[in-house]
Every structure is written in structure tokens, then in C-alpha cells.
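Student: make a model of this:
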Amino acid sequence: MRLFFASAVLAMLSLGSAQAELSVAKAQVKLGIGQRPAVLHGVVTNPSPTATRLIAASSQAFERIELHTHITSRDGNMRMQAVDSFALPAKGKLALKPGGHHLMLFGFSGTAGDKVSLRLSFADGRTLEFEAPTKARARRDSHAAPQKRPNHAHR
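Tutor: Numbers count the residues shown, from 1 in each chain. From the prediction side, this is the model:
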């Protein structure tokens, strides 16, 4: 009986460490200009001794969310490509950043400055729910030097 109890406790402890809490840091949603999608950047941390994969994301503030990465084509140009998942190593991190892995968020229903709730889903069944601030992207004219624009209240 003692052996059974000890085995059960050991099994629960190992399951608990395998299901360690995921976390996200520096999460920020940069809103698209016009009809362009928003993008989520941040760092997801997995303290568990077991690797997993980020397989989906959702939010009531967006119509849909896709996982994207940048790849270099044969001609040397970078382009975005939708993917099915991102690896999240055991006791490791997944950086969601410009020029790399990121989430594309389509159909935003709020306004710049809102905090939005997001949910990340992982292949091992874990989920991570968090809030991220939204920030408007600056408009840029690629053919002109950056200029300061007056702040007009009536746009």
C-alpha cells in the first residue's frame, strides 16, 4: 500500500512539473494601418522540462489570428508565410518579434490604446491567457524623410 501511495504522489509531482505555468512577457499588439492586420510581439516562456508547440491563438477582439514567420526566398528577399505551429522548447522561450515568428491579428474591433485579452493554445493541452496593450503604428512615407505632424483633434 505504501508503495502504491508513493508511486501515486511521484506521478502527480511529475505531471505537475510537466504542466508548469507558461508565461508571456513584453506582449504588445501593434495595430495595422487601414485594413492591414495587427501583429503581436512578445516572449513566451516554458519553465516545463517538456517541449511543446504553440498551435493556435484566439481573442474576442479579433476576427481571426494566424501564426506567421519570415522566410528568405531563393532570390534573398524576406517574405511572410503562415505556419501551423511554433516550437516552444523545454525550459525555453519563444520570441515573437519583427522579422521572425509573430501572430497576425485580423479584424480588430477596438481602438488604439485598448488592452485586449488573448489566449494561446499549445499542443500538450496547456493554454495561456493574458492581456496585451494595443498601439497604433506610425504612418511612414518610404520616399520622404520623417516629419513631425501637427496634432489635429478633428481628423
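Student: now residue 131: how far from residue 59?
Tutor: To residue 59, residue 131 is 10 Å away according to Cβ to Cβ, to the nearest Å. Using the backbone N, CA and C atoms, a C-beta is placed for each residue, glycine as well.
Student: what's the answer for residue 71, then?
Tutor: In terms of Cβ to Cβ, residue 71 sits 26 Å off from residue 59.
Student: neighbour count: the two, which is higher?
Tutor: residue 59 (22 against 10; other Cβ atoms under 10 Å).
Student: the closest residue to the more buried one other than its chain neighbours: what's it in contact with?
Tutor: Nearest residue to residue 59 in three dimensions, chain neighbours excluded: residue 118, at 4.6 Å (Cβ to Cβ, 6 or more residues apart in numbering). Each residue near residue 118 by Cβ atoms under 8 Å, 6 or more residues apart in numbering is listed here: 27, 40, 57-59, 65, 129-132.
Student: give me the beta-bridge partners of residue 118?
Tutor: residue 130 (DSSP bridges).
Student: I'd like the next helix or strand past the lowest-mean-pLDDT helix or strand in the chain.
Tutor: Using mean pLDDT, DSSP states H and E, the weakest-scoring helix or strand in the chain turns out to be helix 2-18, at a mean of 44. Sequence-wise, the next helix or strand downstream of helix 2-18 (DSSP states H and E) is strand 23-31.
Student: ok, residues contacting the helix or strand following that next one?
Tutor: With elements assigned by DSSP H and E, the helix or strand that comes after strand 23-31 is strand 38-46. Outside strand 38-46, the residues that touch it by Cβ under 8 Å, 6+ apart are 20, 22-32, 52, 54, 57, 62, 65, 88-98, 102-106, 108, 118, 120, 128, 132, 134.
Student: what about strand 38-46, average pLDDT?
Tutor: Strand 38-46 carries an average pLDDT of 98.
Student: helices and strands around the helix or strand following that strand, which ones?
Tutor: Using DSSP H and E, the next helix or strand after strand 38-46 towards the C-terminus is strand 52-58. Identification of packing neighbours for strand 52-58 by 3 or more Cβ pairs under 8 Å, 6 or more residues apart in numbering; DSSP states H and E yields strand 38-46, strand 64-72, strand 86-88, strand 115-122.
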